[in-house]
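> here is the input, now give the coordinates:
(one chain, ligands or ions: 1)
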Amino acid sequence: MKTSYDMLVIGGGPAGAMAAKCAAEKGHSVLLVEKRPAIGVPVRCAEGVGKELLHQFLKPDDSWVASEIDQAQIVAPDGFVMNLKPEHAGSEVGYVLDRKVFDRELVWQAANAGADIMVKTRAVCPLTSDGRITGATIEHNGLKTDISAGIVVAADGVESKFARWCGVNTTVPLREMETCAQYLMTDIDIDPHTTVFYTGNSISPAGYVWIFPKGERTANVGIGIAGDKSRSGSRAKDYLDRFVSMNLPKGKAIELIAGGVSICRPLEKTVFDGMIIAGDAARVSDPLTGGGIYNALYTGSLAAEVGTTALSNGDVSAKALSVYDTTWRSSPMGIALERNYQIKEIFVKLTDDDLNAIIHSVSDMNMSEFNTLNLIRNIVTANPRLAMKLGKAGLKQLFDSIS
Ligand SMILES: Cc1cc2nc3c(=O)[nH]c(=O)nc-3n(C[C@H](O)[C@H](O)[C@H](O)COP(=O)(O)OP(=O)(O)OC[C@H]3O[C@@H](n4cnc5c(N)ncnc54)[C@H](O)[C@@H]3O)c2cc1C
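Here you go, the predicted model:
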């Protein structure tokens, strides 16, 4: 068994697969380890991704596109429905993927580019030398092996432990960890090309319910609630069951999954001597929507680009790798993460009356001028009393930061 590589990638999700593929394409030796016995399962995702974002990395393929989405609906707590047409729905217009196939395809592409892949293989502790990460001990079928690597990409997802083992503070406060439950439901009346988001504190405290179509009468129906709102009798699944019995009583659940999404700010530092952190492990899922597929693909490919340059230059110090950190933070993704974090901080403090007022006033907007700035202007003009309250919650700071 080969025990020395240029790059060791921990995790076979979109971030890890993309890092492994891009580094292998540049001719570097790469090992990707995935603790699960199969790539892509169990799926812990609603599988929605923006079309244009995905196209940056992959050409869509019928084998992993379950549905094409051309509009979104937001349902206010009072039942009012706001329609967002393609030009205004932003990243909510796109695809609902079949991630069982999609994640496999990505890892297949990494393997095809020359990366070695080991499933049912877990990184169990880092190897270090003079404070630099130099690889990891991996465990496969109870057998431990030390793998040395020029650089390690920690892409081990929301439950990431590798960076913590290396001394990085990766703690997510409970209020910023959405706990999620989702059914794959069939036999339901839905528009197969529309995603629907239900808001309201009694429906989903500090979160939302989603319906993401996966074909004609099938959809991912899920919920995320703030971790600190979860208690006995009021867990994510309890809220989901109540929603389903009221709104989709005839539907049949054929799969149930549970998972977590971090909605905190990204890690303060995502590069260390010999290590880059990518995807959910770096806490780069969107704090407002919980979406992280694109962010994982982007940070995974950037990790490979910066990592392979550092390897070629013979310098994998945190200083040499810092361009990874500065590049993603100043990218459209990094800017959106900070803006959406601030919006999320306001959103979680809203009452149902506030949400109703906002959604009604947004639907009155001239949609040809729809953007975040105009959206906030419209809320302020239409609801001065609500605007004062939002001002206290940080709207002014947000407004100043984007105007
Ligand atoms: C309920 C739910 C719904 C979601 N819906 C959406 C959505 O609609 N759209 C969207 O964009 N995002 C969504 N997300 C978020 C999205 O799933 C993640 O952001 C995305 O999967 C992140 O990719 P990743 O590669 O960083 O991590 P992951 O996909 O989590 O991959 C990490 C991998 O690392 C492996 N691993 C962990 N530890 C080790 C170890 N020690 N050794 C080896 N392997 C290890 C894990 O088994 C896992 O396969 C959702 C998440 C949840 C929970």
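> what does the chain have sitting close to the ligand?
Proximity of the chain to the ligand is confined to 10-16, 33-36, 44-49, 122-123, 155-158, 161-162, 180, 182, 222, 259-261, 279-281, 285, 290-293, 296 under the rule Cβ under 6 Å from any ligand atom. In this view, the C-beta of every residue, glycine as well, is placed from N, C-alpha and C.
> can you point out the buried residues in stretch 327-334?
The neighbour-count check on stretch 327-334 (16 or more other Cβ atoms under 10 Å) flags 328, 333-334 as buried.
> need the contact list for the residue positioned nearest the centre of the chain.
Per Cα atoms, centre = their mean, the C-alpha nearest to the average position across the chain is that of residue 292, at 1.6 Å. Taking Cβ atoms under 8 Å, 6 or more residues apart in numbering as the contact definition, residue 292 lies against 261, 279-280, 284-286.
> so residue 67: helix, strand or coil?
strand (DSSP: H, G, I helix; E, B strand; the rest coil).
> what's the closest non-adjacent residue to it?
If the residues on either side of it in the chain are set aside, residue 67 comes closest to residue 96, at 4.2 Å by Cβ to Cβ, 6 or more residues apart in numbering.
> got a list of contacts for the helix or strand where the one you found lies?
Taking DSSP states H and E as the definition, one finds residue 96 inside strand 94-97. For strand 94-97, contacts defined as Cβ under 8 Å, 6+ apart pick out 46-54, 60, 64-69, 195, 212-214, 220, 293.
> quick one: low-confidence ranges for this structure?
87-93, 365-380, 382, 385-403 (pLDDT under 70).
> can you list the domains in it?
4-43+101-171+266-330, 48-97+173-262, 340-402 (automatic domain parsing).
> weed out the non-buried ones from the contacts of strand 94-97.
Buried by 16+ other Cβ under 10 Å: 46-51, 53-54, 64-67, 69, 195, 212-214, 220, 293, out of these.
> just the strands in the stretch 251-400 of the chain please.
In the stretch 251-400 of the chain, strands defined by DSSP state E, counting those that start in this stretch lie at 252-262, 271-272, 275-277, listed in chain order.
> which strands and helices lie in contact with the longest one?
Right, strand 252-262. Packing partners of strand 252-262 (3 or more Cβ pairs under 8 Å, 6 or more residues apart in numbering; DSSP states H and E): strand 177-186, helix 236-247.
> among the ones you listed, which is the most enclosed?
Mean neighbour count (mean count of other Cβ atoms under 10 Å) peaks for strand 177-186 among the helices and strands packed on strand 252-262, with a mean of 22.
> which ones are touching the residue in the stretch 301-403 of the chain that the ligand sits nearest to?
Checking the stretch 301-403 of the chain residue by residue against the ligand with Cβ to the nearest ligand atom singles out residue 303 as nearest, at 10.8 Å. When contacts are counted by Cβ under 8 Å, 6+ apart, residue 303 touches 15, 19, 153, 155, 276, 278, 324.
> swap in residue 76?
Contacts for residue 76 (Cβ under 8 Å, 6+ apart) come out as 82, 199-200, 355-356, 359-360.
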